[in-house]
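Enquirer: Kindly return the folded structure for what I paste below:
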Amino acid sequence: MVNVWAPEVFFDEENNQYIIVWASTIPFRFPKGLEEENNNQRLYYTETRDFKTFSPSKLYLDPQFSVIDAEIVKRAPRDYVLVLKDNTRPMRNIKVAFGNSPLGPWNNISAPFTQHFTEGPSVAHVGKDWLIYFDSYGDKKYEAVKTTDFIHFDSATVSVPEGHKHGTIFMTSRGELNKLLSEK
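Expert: Residues are numbered from 1 along each chain as shown. The predicted model follows:
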């Protein structure tokens with residue numbers, strides 16, 4: 001194994017457990033495709049209820065290309081979206097796939113909705129829109145798109161601190177925000 005990186009945690013409320021998804025390269029496990037053997041990433045996962053015991057690691061997604069940076073989004077019961085980075089050269093952009101479980105299977109992988117050299121998606125549901133924030137590292141800026149259906153995407157205006165890179169967007173109450181800010 002070459003690496004274990006880009007972990008994401010999703011709470012599966014229907015099964016009362018956490019799903020941890022990450023990218024790893026295991027040389028010669030998958031057809032080489034466009035990537036060298038030391039960068040031919042696939043997604044793997046484990047499940048836990050307590051972060052003390054974990055299920056055996058399993059393959060999460062093999063889309064037939066190098067893939068990293070997966071974020072699971074629950075829209076409704078049995079309606080999930082996986083936001084992922086196609087890590088193959090020269091693509092290196094963000095796509096989505098659809099499934100009826102947080103464990104997949106993932107179908108209908110989309111065309112990219114970001115330009116080349118984008119990664120690290122983070123998703124927030126705001127009103128009727130889903131905002132997908134991402135690192136546009138080719139342009140050295142942080143950007144976002146908005147969607148209501150994960151099929152059509154429009155640019156969204158965002159303001160983040162100078163130099164911001166990957167991050168996780170989460171919703172919180174004003175009280176919790178004030179508490180966090182007071183602990184500086």
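Enquirer: So which residues of this structure form helices?
Expert: 174-182 (DSSP state H).
Enquirer: just for it, where's the confidence low?
Expert: 184 (pLDDT under 70).
Enquirer: The same query, at a cut-off of 90, please.
Expert: 1, 31-37, 89-91, 140-141, 158-172, 180-181, 183-184 (pLDDT under 90).
Enquirer: and the nearest residue to residue 164 once chain neighbours are set aside, what does it touch?
Expert: In space, and not counting its chain neighbours, residue 164 is closest to residue 142: 4.9 Å by Cβ to Cβ, 6 or more residues apart in numbering. Glycine gets a C-beta too; all of them are placed from N, C-alpha and C. Residue 142 is in contact with 133-136, 158, 160, 164-165, counting by Cβ atoms under 8 Å, 6 or more residues apart in numbering.
Enquirer: Mind listing the residues bridging to residue 142?
Expert: residue 135 (DSSP bridges).
Enquirer: Likewise for residue 21?
Expert: Beta-bridge partners of residue 21, as defined by DSSP bridges: residue 8, residue 45.
Enquirer: Surely it and residue 69 touch.
Expert: No - judged on Cβ atoms under 8 Å, residue 21 makes no contact with residue 69 at a distance of 9.6 Å.
Enquirer: higher neighbour count, these two?
Expert: residue 69 (26 against 23; other Cβ atoms under 10 Å).
Enquirer: roughly how far apart are residue 51 and residue 16?
Expert: Distance of residue 51 to residue 16, given as Cβ to Cβ, to the nearest Å: 14 Å.
Enquirer: Kindly report the same for residue 56.
Expert: Taking Cβ to Cβ, one finds residue 56 at 19 Å from residue 16.
Enquirer: residue ranges for the strands of the chain, please.
Expert: Using DSSP state E, the strands of the chain run over residues 3-12, 17-25, 41-48, 58-61, 67-76, 79-86, 93-99, 119-126, 129-136, 141-147, 154-156.
Enquirer: of those strands, which approaches residue 180 most closely?
Expert: Nearest to residue 180, of all those, is strand 119-126, at 16.7 Å by Cβ to Cβ.
Enquirer: Partner strands of the closest one, with direction?
Expert: strand 129-136 (antiparallel).
Enquirer: sorry, back to before: TSV please, covering the strands of the chain and showing distance to residue 180.
Expert: Putting the strands of the chain into TSV (distance: least, Cβ to Cβ, whole Å) gives the following:
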stretch	distance to residue 180
strand 3-12	19
strand 17-25	22
strand 41-48	26
strand 58-61	31
strand 67-76	22
strand 79-86	25
strand 93-99	28
strand 119-126	17
strand 129-136	19
strand 141-147	20
strand 154-156	24
